[in-house]
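In: Kindly generate the corresponding structure for this input.
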Amino acid sequence: MFREVEAIAHETALIATISVALALALVCGFVATRLGLPALVGYLLAGFLVGPSTPGFVADTALAPQLAEIGVILLMFGVGIHFSWRDLLAMRKSALPGAVAKSAVITALAVLITGLWGWSLTAGVVFGFALSVASTVVLLRALMDGDLLDSRPGRVVVAWLIVEDLLSVLVLVFLPALSTDGGVDATLGVNFLLTIVKLGLLVGGTIFVGMRVVPWLLVHIARTGSRELFTLSVLALAFGLAFGSATFAGVSMALGAFLAGLIMGESDLSHRAAEEALPMRDAFSVLFFISVGMLFDPVLVAAHPFQLLAVVLIVVVAKPLVAFPLALLFGQPTRTGLVVGAGLAQIGEFSFILAEMGTALGLLPEEGRSLILAAAIVSITVNAGLFRTIEPLEAWLRRRHGERPAEPTQAVPQGAGVEEPPILAGHAVLCGYGRVGRLVAATFAQQAVPYLVVEQDRGTVEKLREQGHHTLHGDAAAPAVLERMNLKAARLLVLAIVDPIAIRQIAQFAREQQPGLPIVARTHSEEEWMYLSDGRVDQAVLGEHELARTMARAALGHLSTGKPGTQAGVA
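Out: The predicted model follows:
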């Protein structure tokens, strides 16, 4: 019987890997959250349980990383949608020198420590740079969990991460030259220049071609009325540019997906793309943590405990201690520096790539690769805890230095106005500025009702600000955004968003802030309409109901006119 199960699992390796891994991740993630731990700790444990180090079912170790890469692509694509070229260029003065300086310091520290272990200078350099590169998935997950992804600190640390990815690409070009027994490969300079040219062509093509062609193409696809075609076009863009970037320019797929998101962000359909094409990104990003957990080898911890401790201290302690002052040095406020320090205090996918290539070329001992894998698991596990220290550390620093109150976490892109909305009272709060929200806002404007628009699409927010409207950028259900709506002083709350879970959360928060606040909500199903109509909101509006009422009134109006043919069938 067991052999039959093994044979079936082998024949359906992809399905078996996804099914068992996600099921275990669900159980372990739930247990972790009940114990007060981050869910990703449970995901890592699930990976360990399906890995080769434990008995029982063993997931396909070749398929798991590829599935995880899908999650990385979708995550970075989503970040790119909510980013803008203006944000990226505005942060270059701090992200570029800051990330380069941080990587140099961490690499030098690793060279010093590995020298005490008897490693060569080359091995120390490769090892140190692998430790200096942060994980895309871990960083984005931490920013999303802390409602920081669309904030200024979040955008700054993402910019640092992009610079690190570019540096990693250049380091991968140099690695083969370091394996030539002290000689310099004659093709090194040519390969380096070729890589720079490819990167320039990739970015240039993204800016000058993609931003003109892709939005135009999406509009024409949307006009077909086919939701499947639109979703397919979005996914084709994300994965096509990610794969093409890795194949043509040699950059990471994550960076290519980020560029695809930047292109999509310039389209008026970006919000729809994020809604329809990205829901599966969370499930696939979980597979990244599972694939990392599969690599854990408990024998390594027992064999090299002190070396592992030293590596973990470099990643978890030294990296934030270096990144924080560098962020301040290059003009970032205290809170942003703390977010940068915490966000980069882990290692992940690019570290693995550097370790694998360094080991294959004979530049890095096998022990170094094993230490990097173990340190990645430890740093990913404790990283969520570092983000929890940001608030108390910021408060302590302000008290110690007598600084001004904490700066807002929301981004302030150049030319986009002030991110923090002015203090409003007696206003209406409109969550969602899609097809329905636009019509509601137009009615408010005609009646001279002051209103605040809460919208997740950054391009829409910037356009509204240019027109002088009060706006708040972010997820309307996020606690930080809810606090800034000032619902205690509002006259009305209109929920024109499509997410029923978010509608419930916002309505509940509004009732806690002001029990008598009138709430009008948009619904999309009979079940949700009945749920909200039961006293949870003042009026739940279901599109089909309103359409039926309008059609019935129009039909009765025609019957009452007495025109020929209108009395047919009437006794």
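
In: what's the burial count for residue 385?
Out: As a burial measure, residue 385 scores 12 neighbours (other Cβ atoms under 10 Å). Bear in mind the C-beta positions are built from the backbone N, C-alpha and C, glycine included.

In: buried ones in the helix or strand hosting residue 554?
Out: Element membership for residue 554, per DSSP states H and E: helix 543-560. For helix 543-560, burial by neighbour count (16 or more other Cβ atoms under 10 Å) applies to no residue.

In: What average pLDDT does it get?
Out: Averaged across helix 543-560, pLDDT comes to 84.

In: Centre of the chain to that helix, how far?
Out: Distance of helix 543-560 from its chain centroid, counting by Cα atoms, centre = their mean, to the nearest Å, is 45 Å.

In: Only C-alpha atoms, please: export it in CSV.
Out: Presented in CSV, the C-alpha positions along helix 543-560 are these (Å, rounded to 0.1, in the frame of the first residue of the first chain):
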residue,chain,number,x,y,z
GLY,A,543,-26.6,46.3,-7.8
GLU,A,544,-29.2,43.8,-9.0
HIS,A,545,-31.8,45.1,-6.6
GLU,A,546,-31.3,48.7,-7.7
LEU,A,547,-31.3,47.7,-11.3
ALA,A,548,-34.6,45.8,-10.9
ARG,A,549,-36.2,48.7,-9.2
THR,A,550,-35.2,51.1,-11.9
MET,A,551,-36.4,48.8,-14.6
ALA,A,552,-39.7,48.2,-12.8
ARG,A,553,-40.3,51.9,-12.5
ALA,A,554,-39.5,52.5,-16.1
ALA,A,555,-41.8,49.7,-17.2
LEU,A,556,-44.7,51.0,-15.0
GLY,A,557,-44.1,54.4,-16.4
HIS,A,558,-44.6,53.1,-19.9
LEU,A,559,-47.7,51.3,-18.9
SER,A,560,-49.2,54.4,-17.3
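
In: Got phi/psi on residue 430?
Out: phi -110, psi 110 (degrees, to the nearest 10).

In: tell me the pLDDT at it?
Out: 94.

In: Equivalent analysis for residue 493, please.
Out: 95.

In: you'd agree residue 132 is up against residue 106?
Out: Yes: with contact defined as Cβ atoms under 8 Å, residue 132 counts as touching residue 106 (4.0 Å).

In: Between those two, which has more neighbouring residues?
Out: Legend: neighbour count by other Cβ under 10 Å for residue 132 and residue 106, higher for residue 132 (32 against 23).

In: pLDDT averaged over stretch 77-93 - what is it?
Out: Mean predicted confidence for stretch 77-93 is 69.

In: Over to stretch 37-51?
Out: 82.

In: Please, where are all the strands along the stretch 451-571 of the chain?
Out: Counting by DSSP state E, counting those that start in this stretch, one finds strands in the stretch 451-571 of the chain at the ranges 451-455, 470-473, 492-495, 519-523, 539-542.

In: Give me the three-state assignment for residue 53.
Out: Of the three states, residue 53 takes coil according to DSSP: H, G, I helix; E, B strand; the rest coil.

In: surely it meets residue 298?
Out: Yes: counting by Cβ under 8 Å, residue 53 touches residue 298, with 6.3 Å between them.

In: quick one, which of those two is more surrounded?
Out: Taking other Cβ under 10 Å, residue 53 and residue 298 do not tie; residue 53 has more neighbours (15 against 11).

In: so who does the residue lying closest to the more buried one once chain neighbours are set aside touch?
Out: Distances taken as Cβ to Cβ, 6 or more residues apart in numbering place residue 297 nearest to residue 53, at 5.8 Å, with adjacent residues excluded. By Cβ atoms under 8 Å, 6 or more residues apart in numbering, the contact set of residue 297 is 53, 370, 373, 374.

In: give the contact list for the third one.
Out: For residue 373, the set of contacting residues under the criterion of Cβ under 8 Å, 6+ apart consists of 292, 295, 296, 297, 300, 352, 355.

In: again with the first one
Out: Remark: with contacts taken as Cβ under 8 Å, 6+ apart, residue 53 is in contact with 296, 297, 298.
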